[in-house]
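**Q** sharing a sequence plus its predicted fold:
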Amino acid sequence: MQIDHGHIRLELDPSTGSIVRIANRKSGVTHFDATGERGEFGRLFRIIAPNAQWFSRAADSHLQDAPQIAEEGESIIITYPDLRIGDGRTGIAATVRISPSEREDELLLTISVENHGQHPINEIMFPWLGGWAGEGGRNGERCIVGGKEDFDLASLPRALGAGYYRLNQRMFYMYPYDMYTPWVDISMPGGGLSYINYATSALNGFFSIENLGRFAPQRCLGFAWSFPALVQPGERWTSPPIGLAVHDDDWHATADRYRLWANTVFGIHVTRKPVRESIGVQNVFFRGFDGALFHGLDEIPAIAETGLRYGVDQLCVWDQLMLGHYVMRPAGELFDYAEDEQALLRQGLGQAKAMGVNVHALLNFRHVNSSFPCHQPYVAKDIKRRWDGTPETENWAGSFNHAMLFTRHLGPECYLFSPHSPAYRQRVMALTETYLDLGFTSMFFDQPFEWPDYAYVAEGKRPEDTYPAVIDLVDALYAKVTARDPHAYLVGEEGEFAISRAIEQFMAWKFSDPTNVSMLERIRYSIPNIMFSWVMDSEPDRATWTFALGAYCWIGVHGQEGTLADAPVFAEHVRKLAQLRKRCVERTVYARFNDRRGLCVEGEEGFVAYGYDSPQGPAVIAAAIGKPASGTVSVQRDAFSAPGGDHGRLCRWDGSTQAVQGDTMSFTLEANEVAIWEL
């Protein structure tokens, strides 16, 4: 049975309802094929309904009796009236709808589940696609997950030795956190397949990749979105639509498809211009997580002035009394500063603000150290709980001097506030008032993500709605902070599309390694409306690459124990980058990062170039990373939203500007030099 819409063709096995083939009718490329000798790998869904004996008790669509398949207008309806597991019936009914999308070459799939059985459902995998048997990177095939990760399709099964729980046969990614956008792209040289979750709120979920062939000689991968949906007996649940689309491009096509849709749904706004034009943030430990003293609070004005001297107009204060309750210190609430310290903070922050430095601090509100008396009222009812009712905990106790960085054996083991808790929300807002009263302008909201929480199920809060509850809190926090100062903004750890309407700058430890630059390229293209930061100590080459990417320098000199004054050569390099950015903001960081789309880049090792798309036309930032390099860039103007003019300019960091013409430019750059070409 075939379902066509534009160029996509989806084939079903009527005996099971399984999707057995997905192909591009225009190019002839087949993306999934579970026919012929791979016929056992057709899939559609899995529903997990545990009982006392079997925690992963699963009803799989391909093991069911033949479903009822009917047409309803342009849609196909597949109905399973009573799923079975083995020889037993579950009382669970499932209905799948496949409909043409208003977007070209795309089909939308939803599943509705009715639980008339005796056991709750705690996970639904849908749509489950089986039958990918490619060669991975050896054949130019790539799988980009969440606008961030590049999964090696040829890596399964992994040669781990340890294969228990099918560890070597599968991989999963959490949304949010591992995934910054809820889409996956599987492409090859002839085109690709887009797999997009079109949820209108950022529902928690997971993306699963598994070798369904397991111990057979031939690999055959399956892919599925997994919803942590809790469907109790007597309840009904319906998934958001999942889009399957074909294209003739690579992952950029999937990123574009999702971004254009999400911009209208989530009310995404572009990071404000004063924030975008900054070169980055100076991060400084005053007292560490363990109380180690590096700088006194009275040094804030001097450190802020140092940053400003080198073009860095943002300072992030890391201090033990703000870092959260996962630190080991005398019991107390955040911001329990003595009166003399409060006076120092107010005075210092006021002086920094008068200089034009935007100061924020790293804050973590979500940890509950149960040994702190101030937390006792919360522990019983306001903390996150797992499906089985046990509390969720984390332990990030860190030390500068013990043998181990994380001294988890010493504690504390912290509970976590539930984002569904009204008391938690009130606490965050009250503490924010105190924080702003001390004189801070902006805020670094640590860990603005959350995984499924079951603590408030009785009050109607669903586990998959946990992250949307975080977004709702952050929206309110953004309103409070910007009401105090219109130049304020929020910083967040990691990143995600939906929350970027409130968090305008993100950083992440994961891609601080320079080998992960391609990850930052994908993130910048997939979520171009906000600013991402690249973590660095005092490396000029990394600052150069960050500038070329239109990103922020997240600076922590000497592991954040020092300041820019301790790395004058690096600081001077940052100053030159900051000046050049401000000269060319309209065509670079105010514009949309276009990756290398529309560019032909040829050059020596270390030469890089990226395009920027603005109403004025294309622009290119070229750079030599770490050593002198030459290269040539040709621009295909029709790949940009505006072609630009006949007369362009070349801007260099020595302050010079050169009039240029044409669509091709040759660069000869010194080590870590950058140049901006505006067409």
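**A** Cool, got the structure.

**Q** partner residues bridging L650?
**A** Per DSSP bridges, the residues bridged to L650 are Q658, W677.

**Q** list the buried ones in stretch 381-393?
**A** Neighbour-count burial for stretch 381-393 flags D382, I383, K384, R385, W387, P391, E392 (criterion: 16 or more other CB atoms under 10 Å). The way it works is simple: take the backbone N, C-alpha and C, and place the C-beta from them, glycine included.

**Q** quick check, nearest of those residues to A262?
**A** For those, the residue nearest A262 by CB to CB is K384; the value is 27.1 Å.

**Q** go ahead and confirm that closest one touches E392.
**A** Yes - counting by CB atoms under 8 Å, K384 touches E392, with 4.3 Å between them.

**Q** any common contacting residues for the two?
**A** Taking CB atoms under 8 Å, 6 or more residues apart in numbering as the contact rule, K384 and E392 both touch Y415, L416, D453.

**Q** may I have the beta-bridge partners of the second one?
**A** With DSSP bridges as the criterion, L416 is bridged to H367.

**Q** what's around it, how many residues?
**A** L416 has 23 neighbours, counted by other CB atoms under 10 Å.

**Q** distance of it relative to D388?
**A** Applying CB to CB, to the nearest Å, the value for L416 to D388 is 16 Å.

**Q** same question, the last one
**A** To D388, D453 is 13 Å away according to CB to CB.

**Q** tell me, what's touching these two both at once?
**A** Contacts common to D453 and D388, judged by CB under 8 Å, 6+ apart, are absent.

**Q** now do the strands in the stretch 251-400 of the chain.
**A** In the stretch 251-400 of the chain, the strands defined using DSSP state E, counting those that start in this stretch lie at 280-285, 314-318, 358-363, 367-368, 393-394.

**Q** those strands: lowest mean pLDDT?
**A** For these, mean pLDDT drops lowest on strand 367-368, to a mean of 88.

**Q** that strand packs against which elements?
**A** strand 414-416 (3 or more CB pairs under 8 Å, 6 or more residues apart in numbering; DSSP states H and E).

**Q** not counting its own residues, what contacts the strand it packs on?
**A** 325-326, 366-370, 379, 383-384, 391-396.

**Q** do that again at 10 Å, thanks
**A** Strand 414-416 has contacts (CB atoms under 10 Å, 6 or more residues apart in numbering) with 324-327, 364, 366-372, 375, 378-379, 382-385, 391-397, 424, 447, 450-451, 453, 455.

**Q** I471: which element?
**A** According to DSSP states H and E, I471 maps onto helix 466-484.

**Q** where does the stretch 351-500 of the chain have low pLDDT?
**A** For the stretch 351-500 of the chain, the stretches flagged by pLDDT under 70 are 374.

**Q** same question, the chain
**A** 135-138, 328-331, 374.

**Q** let's check: the centremost residue of it is which one?
**A** In the chain, the centroid-proximal residue (CA atoms, centre = their mean) is Y180; its distance is 2.2 Å.

**Q** and that residue, how far from V470?
**A** In terms of CB to CB, Y180 sits 15 Å off from V470.

**Q** now do the helices in the protein.
**A** In chain order, the chain shows helices spanning 251-265, 273-276, 300-309, 339-355, 376-379, 422-437, 466-484, 517-526, 540-548, 568-583, with DSSP state H as the criterion.

**Q** return the most buried member of those.
**A** Using mean count of other CB atoms under 10 Å, the stretch among the helices of the chain with the largest mean neighbour count is helix 540-548, at a mean of 24.

**Q** that one packs against which elements?
**A** strand 280-285, helix 517-526, strand 531-536, strand 552-555, helix 568-583, strand 607-614, strand 617-624, strand 674-678 (3 or more CB pairs under 10 Å, 6 or more residues apart in numbering; DSSP states H and E).

**Q** re earlier: between the buried residues of stretch 381-393, which is closest to T441?
**A** For the buried residues of stretch 381-393, the nearest to T441 is D382 (29.3 Å; CB to CB).

**Q** the closest one touches A423, doesn't it?
**A** Yes - contact criterion CB atoms under 10 Å: D382 and A423 qualify, at 4.9 Å.

**Q** what residues do the two have in common as contacts?
**A** F417.

**Q** sorry, back to before: mind saving the C-alpha coords of the helix holding I471 as PDB?
**A** C-alpha atoms of helix 466-484 as PDB (Å, rounded to 0.1, in the frame of the first residue of the first chain):
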ATOM      1  CA  THR A 466       8.200  19.000  32.500                       C
ATOM      2  CA  TYR A 467      10.400  21.000  30.100                       C
ATOM      3  CA  PRO A 468       7.500  23.300  29.000                       C
ATOM      4  CA  ALA A 469       7.000  24.200  32.700                       C
ATOM      5  CA  VAL A 470      10.700  25.200  32.800                       C
ATOM      6  CA  ILE A 471      10.200  27.400  29.700                       C
ATOM      7  CA  ASP A 472       7.100  29.000  31.400                       C
ATOM      8  CA  LEU A 473       9.200  29.800  34.500                       C
ATOM      9  CA  VAL A 474      12.100  31.200  32.400                       C
ATOM     10  CA  ASP A 475       9.600  33.400  30.400                       C
ATOM     11  CA  ALA A 476       8.500  35.000  33.700                       C
ATOM     12  CA  LEU A 477      12.100  35.400  34.800                       C
ATOM     13  CA  TYR A 478      13.000  37.100  31.600                       C
ATOM     14  CA  ALA A 479      10.100  39.500  32.000                       C
ATOM     15  CA  LYS A 480      11.200  40.300  35.600                       C
ATOM     16  CA  VAL A 481      14.900  40.900  34.700                       C
ATOM     17  CA  THR A 482      14.200  43.000  31.700                       C
ATOM     18  CA  ALA A 483      11.600  45.100  33.600                       C
ATOM     19  CA  ARG A 484      14.400  46.200  35.900                       C
END
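
**Q** what's it packed up against?
**A** So helix 466-484, by 3+ CB pairs under 10 Å, 6+ apart, packs with helix 422-437, strand 443-445, strand 490-493, strand 503-507.

**Q** E678: which of those is closest?
**A** Per CB to CB, nearest to E678 of the helices and strands packed on helix 466-484: strand 503-507, 25.0 Å.

**Q** how about the contacts made by T200?
**A** T200 makes contact with P240, P241, W261, A262, V265, F266, P468, A498, according to CB under 10 Å, 6+ apart.

**Q** now the nearest residue to the second one once chain neighbours are set aside: how far from Q68?
**A** Across the structure, with CB to CB, 6 or more residues apart in numbering as the measure, the residue nearest P241 apart from its sequence neighbours is L108 (4.2 Å). Plainly put, L108 is 20 Å away from Q68 if you go by CB to CB.

**Q** wait, isn't L129 in contact with F207?
**A** No - counting by CB under 10 Å, L129 stays clear of F207, with 11.4 Å between them.
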